[in-house]
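1. pasting a predicted model and its sequence here:
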Amino acid sequence: MTLLLDDQNGQAPTTQGAQFWIDQFNLSNVYVVADPSFSLVPGNSVGTPQLSVVDPRTMQVVYLQEGYSGSSPSQLVQLAQQNSGP
């Protein structure tokens, strides 16, 4: 999922802006969500790009990476394995 935290003018993102992002980059297997209240950003600052791993069972951020490392974090695999059961 890609979170839009602002629009191209630095204003709050909109659902129309999210759709534009999808269309602009021809995204077909990624969700793009407008998040004007920074609900999935822990803390009070954002480094971009930012990767947040969210546990879908608790909706808590379990891992945060600022910047691009070129690979998926091991925490993502661990969370998937942890949540694979009932």
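-> Everything's here; your move. Worth saying up front: this structure is predicted, and the values here are computed from it rather than measured.
2. CA only for contacts and neighbour counts going forward, please
-> OK.
3. tell me where this protein has helices.
-> For the chain, helices defined by DSSP state H occupy the ranges 15-24, 74-82.
4. what about the strands in the protein?
-> Assigned by DSSP state E, the chain shows strands spanning 2-4, 32-34, 50-55, 60-66.
5. among those strands, which is nearest Gln19?
-> strand 32-34 (7.5 Å; CA to CA).
6. if we can go back for a sec, now the strands of the chain as TSV including distance to Ala12 and mean pLDDT?
-> Shown next, in TSV, are those (distance: least, CA to CA, whole Å; pLDDT from 0 to 100):
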stretch	distance to Ala12	mean pLDDT
strand 2-4	9	84
strand 32-34	8	90
strand 50-55	18	83
strand 60-66	21	85
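7. let me have those in a markdown table, extended by mean neighbour count.
-> Output for the strands of the chain, formatted as a markdown table (neighbours: other CA atoms under 10 Å):
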| stretch | mean neighbour count |
| --- | --- |
| strand 2-4 | 19 |
| strand 32-34 | 19 |
| strand 50-55 | 18 |
| strand 60-66 | 14 |
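8. right, I'll call it a day here.
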